[in-house]
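Visitor: Sequence first, predicted model second:
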There are 4 protein chains.
Amino acid sequence: MEEIKHIKIEKDMKISALVNEMSEAGFGAKKISEASSIMKKMFEDKECKVFLGVAGAMVPAGMKQIIIDMLENIDIFVTTGANLTHDLIESLGEKHYMGNEFEDDEKLNKEGIDRIHNVFMKNSVYEKLEDFFKENYEELRKCNNIKDFLWKIGELSPGDGILKRCYEKKLPIFCPGIADSGIGLMIWGRIAEGKEKTNIDVFADMNNIIDFSWKAKKAGVIYVGGGLPKNFIQQSLQFSKGSDYGIQITTDRIEPGGSSGAPLREGISWGKMKGNANFVDVFCDATIALPLIYASVK
Amino acid sequence: MEEIKHIKIEKDMKISALVNEMSEAGFGAKKISEASSIMKKMFEDKECKVFLGVAGAMVPAGMKQIIIDMLENIDIFVTTGANLTHDLIESLGEKHYMGNEFEDDEKLNKEGIDRIHNVFMKNSVYEKLEDFFKENYEELRKCNNIKDFLWKIGELSPGDGILKRCYEKKLPIFCPGIADSGIGLMIWGRIAEGKEKTNIDVFADMNNIIDFSWKAKKAGVIYVGGGLPKNFIQQSLQFSKGSDYGIQITTDRIEPGGSSGAPLREGISWGKMKGNANFVDVFCDATIALPLIYASVK
Amino acid sequence: MEEIKHIKIEKDMKISALVNEMSEAGFGAKKISEASSIMKKMFEDKECKVFLGVAGAMVPAGMKQIIIDMLENIDIFVTTGANLTHDLIESLGEKHYMGNEFEDDEKLNKEGIDRIHNVFMKNSVYEKLEDFFKENYEELRKCNNIKDFLWKIGELSPGDGILKRCYEKKLPIFCPGIADSGIGLMIWGRIAEGKEKTNIDVFADMNNIIDFSWKAKKAGVIYVGGGLPKNFIQQSLQFSKGSDYGIQITTDRIEPGGSSGAPLREGISWGKMKGNANFVDVFCDATIALPLIYASVK
Amino acid sequence: MEEIKHIKIEKDMKISALVNEMSEAGFGAKKISEASSIMKKMFEDKECKVFLGVAGAMVPAGMKQIIIDMLENIDIFVTTGANLTHDLIESLGEKHYMGNEFEDDEKLNKEGIDRIHNVFMKNSVYEKLEDFFKENYEELRKCNNIKDFLWKIGELSPGDGILKRCYEKKLPIFCPGIADSGIGLMIWGRIAEGKEKTNIDVFADMNNIIDFSWKAKKAGVIYVGGGLPKNFIQQSLQFSKGSDYGIQITTDRIEPGGSSGAPLREGISWGKMKGNANFVDVFCDATIALPLIYASVK
């Protein structure tokens, strides 16, 4: 057994030094250091294909740049429609704002402010979104799967962002729940106006991700939150040899039995994770844990 | 101010009597009674259209019959692909089993058992699923939106279940993340075998649910878990006058900012909930809270 | 493997029938039924000494009568000073009130209302407490351990309540953190006024509970919340053969490593729980779970 | 409204730089930065008396040195008997070890290992504790309040640690639940052996902390975990003007109504916190949040 050593905080300490000290501590600190070490291995293992799944409102919370930087290290990106909508909103020049969760929501509603916990957004952003989709609808509706549709948005969007980078890098991006988002609303709006329908088959992307899983010699997964992104990656991994590396950052409970809170270990029974895989569950708000872990491997 | 009265447990007490006593208690007990009273109002209000969103693995956990019974009282049903897959699995004659969360997952994997917290399922259920989708693929691929596709599965499925009942009652059922499920895998399997593709546009259902929200004089929402079902309903309600009644049962945290954990109050800022609506957030495992609440209104 | 059966809610259903149905379900519902069955065994086992530890503000929340009723089935009671202070407050004729957690706390402060989540209490209750302790101080300061001190309060208190019942039944009641409570404040107040000091040695009660544990042929534990009550019982059980039965109801997390959130299983390593004991961790607000479980065994 | 800016991770980034970037982000990241800024103000405000309450097993988890360093900045320290016992154990030359929470607890029990989540301790440490208390009992039993008793242990303990430092600095240290700890067991052991009883009145320390609160021009509180330490500080603050600064780090839920999970805001109704105080609730494992926050102010 190795001794616990007490974390010593030094003036002007680097994040990597702190995370290194955490490797000899216990409880959540230890988990942060384990995630750091697993992320390092996953990124350095040439044979390993890395799947990143991001749920939760990471873009409004100021995590966009970290996700963009992580795109350098990953092979498959799966996220929610919400994150992509907020990414596009910023790409169109709109902003999110620091707010607070104690504000009167009726007052906010009257002022045209949408609240996402302690982040605010002007409801008027939808106008810019409308303009973008009105202008580009004909191009977008030519797409036949969600990945191509998202790449096309990335191509057409004026500013930088996650979508733009995925397009530029031709990084496969999946978003099976795209209809459930502001982007979905914009498409609905065009059709409601009488435009011709889209032709994006709901199952068309599955082949891509499953094929990718199937061919991967080794796989690593990073789940920020759970939700559809985690489950969609997990599902594809049933067709792999099982993941070799895994990091999950979530605050969801195990006990109510949902996929978002399920520990990575559960995936072993399903063949989504190898029995001898290198994995860790980090119980922490991702806006705290992800910057810490990522900074320690950068 | 009204006095707290202490809950008195009587021998052979009825659930409705307990929930009634909870109405004069505090903390979570009070919330259960509030949810009961709001559910009653929602179900009795003739003008109110009720939206039920169910995330989490409610079918494996033994909550299928309660959901089926609740279909009598609701107008729109939104759920995850996982719940529908597990519903279909049972409809095909397969079962879920009582397990436990401490089991060795490698051992389970070798024995062909998939674990969902303390519930087990034989991996061999996928064979029956395969047979069903092989047999019925041509019929299923004629569908042009997810709702029709799910109704068709309900129509064709041999046994009783949620899908069957939604079909029989022509109850609108939405599942924007259907690709992320065993049902999705089955469709992928057919296409991988060389069958012709499906033609189910990912945005095709939006018109249905938004139109429904738009026309509803009053609206009530019941969110079991959060996830896509909650968000998809919330999104459509932006086109309503805002919900008049709301019940949310979740154990997700507010602080990390995700939609699943967001309190109903937050929806007021977005116009998804009326400022003067009658709503309650219940912090409880849904397999405990839902039977209790539903039993008290039945 | 036994099949999951779906809970069927019947009109006018009894709690015991629901909990019985939960025994064939999964997730938290299953845990409720397990707790019910373990509580039944613990109460019926003639050789088993039952230790009940209650943390959290159970009295303000309306759970006092359930605790009083449970005193019939237990042998040792450990709780917090807060619960006993609130019990005494009610015994003196004061009340708790239904409030809500969204109220403006500055406004409440100005109105003399103390808030405990969604329960309110008038700050003026302290006057009645003062009177009681002024009147009875000389009697109380004769006590030489906390148990006797609490029994004496029970004896002297005018109304019914937990303290009164413990006194009447001579049920050993422990409260190692008594100084941390309104009762503690009252004693401090007397001494500050110049009254002679108390003489209640902080370690004097340990002999009682450890001796009791040591002699118990079998032991059962019920932890409502964690905190000092749980830890104090656990500590004494190190001197027993280890507990044979265990129920823990808490919503605290395991991951941050504190005693309150630690699963009962952890106690096996310490010898506080037998390796083959019959135990369950229930993740649920105690104001929901306790009435349900207790009603099913009554 | 100020814009959210996206956190940019740089190579070799300092913790203070990251926490500074978090000040323009949302969700939990923002809370970390708020806690950092409040801690800075609290420590720099010459008129402010700082109360630190530490619950949870912080010493076994490797947080001892951070607590020791923080003693430089605080005026009152309140903690659990468990933390002080583990501190003394290390001061006597024993260690805690890195373990894991998946280990078989029966096996650990046979091997004489006590588990605290993912930290292990040899049960044999109690022998060294016994020796210490046998040797020093006569000196210790002369103490008449818990603070003096703890200072005396600090004086007599051979190695460095929290207790030693509190003694050396004459920093008031309170531990109302001392009987509930290994230290308590050691005292019980001596008395069981026939030694004369201690004479440490359970209410004797209250005067000290309340008097201190009463005289403080301004007050700041830092609660690591909740439990008795938080409540004991809160209680004393009812006799102050209310706290001016507050930081709470906990993962306990608000909804079940206990003191440990109660948001700082609730204290305003009781007069424990000023209405216009500068405070923040940080939802995070303290072994992650505390090093981060403290490093950013050091």
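Guide: Ah, there it is.

Visitor: Not counting residues beside it along the chain, what's closest to the closest residue to chain D within the stretch 51-200 of chain A?
Guide: Going by CB to the nearest CB, chain D is nearest to A:Gly62 of the stretch 51-200 of chain A, at 3.2 Å. Quick note: C-beta positions are derived from backbone N, CA and C, even for glycine. Nearest residue to A:Gly62 in three dimensions, chain neighbours excluded: D:Ala25, at 3.2 Å (CB to CB, 6 or more residues apart in numbering or on different chains).

Visitor: what's the spacing between that neighbour and B:Phe239?
Guide: Shown here: D:Ala25 relative to B:Phe239, a distance of 31 Å by CB to CB, to the nearest Å.

Visitor: repeat for A:Phe27
Guide: The gap separating A:Phe27 from B:Phe239 is 46 Å, by CB to CB.

Visitor: Neighbour count for the two, which is higher?
Guide: Using other CB atoms under 10 Å in any protein chain shown, the more surrounded residue of A:Phe27 and B:Phe239 is A:Phe27, with 30 against 18.

Visitor: Hmm, D:Thr287 and the more buried one touching each other?
Guide: Yes - assessed by CB atoms under 8 Å, A:Phe27 is found in contact with D:Thr287 at 4.4 Å.

Visitor: what sits in contact with each of the two?
Guide: Counting by CB atoms under 8 Å, 6 or more residues apart in numbering or on different chains, the residues touching both A:Phe27 and D:Thr287 are C:256-257, D:61.

Visitor: List the ones among these that fall in strands.
Guide: Among those, no member falls in strands (DSSP state E).

Visitor: what's the neighbour count on the residue nearest to A:Gly62?
Guide: For D:Ala25, the neighbour count with other CB under 10 Å is 27.

Visitor: Assumed it was part of a helix.
Guide: No - D:Ala25 sits outside any helix when classified using DSSP: H, G, I helix; E, B strand; the rest coil, being coil.

Visitor: Rounded mean pLDDT for the helix or strand that contains A:Gly28, please.
Guide: Under the criterion of DSSP states H and E, A:Gly28 resides in helix A:27-44. The average of the pLDDT scores along helix A:27-44 is 98.

Visitor: Is chain C within reach of it?
Guide: Yes - remark: helix A:27-44 sits within contact range of chain C at A:27-28, A:31, by CB under 8 Å from any CB of the partner chain.

Visitor: Who are the packing partners of that helix?
Guide: Helices and strands touching helix A:27-44, by 3 or more CB pairs under 8 Å, 6 or more residues apart in numbering or on different chains; DSSP states H and E, are helix A:15-22, strand A:48-54, strand A:218-224, strand A:243-250, strand A:273-283, helix A:286-297, helix D:286-297.

Visitor: Distance to D:Ala57, mean pLDDT and mean neighbour count added to those, as JSON lines?
Guide: JSON lines is the format used below for the helices and strands packed on helix A:27-44 (distance: least, CB to CB, whole Å; pLDDT from 0 to 100; neighbours: other CB atoms under 10 Å in any protein chain shown):
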{"stretch": "helix A:15-22", "distance to D:Ala57": "16", "mean pLDDT": "98", "mean neighbour count": "22"}
{"stretch": "strand A:48-54", "distance to D:Ala57": "33", "mean pLDDT": "98", "mean neighbour count": "24"}
{"stretch": "strand A:218-224", "distance to D:Ala57": "28", "mean pLDDT": "98", "mean neighbour count": "27"}
{"stretch": "strand A:243-250", "distance to D:Ala57": "23", "mean pLDDT": "98", "mean neighbour count": "27"}
{"stretch": "strand A:273-283", "distance to D:Ala57": "16", "mean pLDDT": "98", "mean neighbour count": "21"}
{"stretch": "helix A:286-297", "distance to D:Ala57": "21", "mean pLDDT": "98", "mean neighbour count": "26"}
{"stretch": "helix D:286-297", "distance to D:Ala57": "10", "mean pLDDT": "98", "mean neighbour count": "26"}
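
Visitor: Tell me which of these lies nearest to chain B.
Guide: Per CB to the nearest CB, nearest to chain B of those: strand A:273-283, 3.9 Å.

Visitor: residues making contact with the closest one?
Guide: A:28, A:31-32, A:34-35, A:38, A:41, A:237, A:241-251, A:263-265, A:267-268, A:289, A:293, B:105-106, B:109, C:253, C:255-256, D:251, D:285.

Visitor: Repeat that for stretch A:198-207.
Guide: For stretch A:198-207, contacts defined as CB under 8 Å, 6+ apart pick out A:140-141, A:143-147, A:149, A:174, A:176, A:187, A:191, A:236, B:146, B:178-179, B:184-185, B:187-188, B:191-192, B:197-203.

Visitor: Let me see the mean pLDDT of that stretch.
Guide: In this model, stretch A:198-207 carries a mean pLDDT of 97.

Visitor: Between the two ends of it, how far is it?
Guide: 20 Å (CA to CA, to the nearest Å).

Visitor: Now do the strands for the stretch 101-250 of chain A: every range, in order, please.
Guide: Assigned by DSSP state E, counting those that start in this stretch, the stretch 101-250 of chain A shows strands spanning A:113-116, A:119-122, A:173-174, A:218-224, A:243-250.

Visitor: contact partners of the last one?
Guide: Where contact means CB under 8 Å, 6+ apart, the residues beyond strand A:243-250 that reach it are A:35, A:38-39, A:41-42, A:45, A:48, A:51, A:218-226, A:230, A:237, A:260-261, A:263-264, A:267, A:272-274, A:277-284, A:286, A:289-290, A:293.

Visitor: next structured bit after that strand?
Guide: Note on strand A:243-250: by DSSP H and E, the next helix or strand toward the C-terminus is helix A:266-270.

Visitor: Do any residues in that following helix lie close to chain B?
Guide: Yes - counting by CB under 8 Å from any CB, chain B is contacted by helix A:266-270 at A:266-270.

Visitor: Can I get these in JSON lines including neighbour count and pLDDT?
Guide: Shown next, in JSON lines, are those (neighbours: other CB atoms under 10 Å in any protein chain shown; pLDDT from 0 to 100):
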{"residue": "A:Glu266", "neighbour count": "22", "pLDDT": "98"}
{"residue": "A:Gly267", "neighbour count": "28", "pLDDT": "98"}
{"residue": "A:Ile268", "neighbour count": "24", "pLDDT": "98"}
{"residue": "A:Ser269", "neighbour count": "27", "pLDDT": "98"}
{"residue": "A:Trp270", "neighbour count": "22", "pLDDT": "97"}
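
Visitor: would you turn those into TSV with distance to A:Glu135?
Guide: As requested, the residues of helix A:266-270 next to chain B are exported to TSV (distance: CB to CB, whole Å):
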residue	distance to A:Glu135
A:Glu266	45
A:Gly267	43
A:Ile268	48
A:Ser269	49
A:Trp270	44
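
Visitor: Now flag whichever of the residues you listed is closest to C:Thr79.
Guide: Among the residues of helix A:266-270 next to chain B, A:Glu266 lies closest to C:Thr79 (CB to CB), at 36.6 Å.

Visitor: got the residues of chain A near chain C?
Guide: Counting by CB under 8 Å from any CB, chain A comes close to chain C at A:26-28, A:31, A:253, A:255-257, A:283.

Visitor: Can you tell me which of those residues comes closest to A:Gly93?
Guide: For these, the residue nearest A:Gly93 by CB to CB is A:Phe283; the value is 36.8 Å.

Visitor: on that earlier part again, what about the strands of the stretch 101-250 of chain A, which gets the closest to B:Asp87?
Guide: strand A:173-174 (24.8 Å).

Visitor: which residues touch the residue of the stretch 151-298 of chain A found nearest chain D?
Guide: Proximity of the stretch 151-298 of chain A to chain D (CB to the nearest CB) peaks at A:Asp285, 3.2 Å away. By CB under 8 Å, 6+ apart, the contact list for A:Asp285 reads A:251, B:255-256, D:27-29, D:283-284.

Visitor: Find the residue at the geometric middle of chain A.
Guide: For chain A, A:Val54 is the residue whose C-alpha lies nearest the centre (CA atoms, centre = their mean; 1.7 Å).

Visitor: Show me what that one bridges to in the sheet.
Guide: For A:Val54, the beta-bridge partners under DSSP bridges are A:Thr79, A:Val224.
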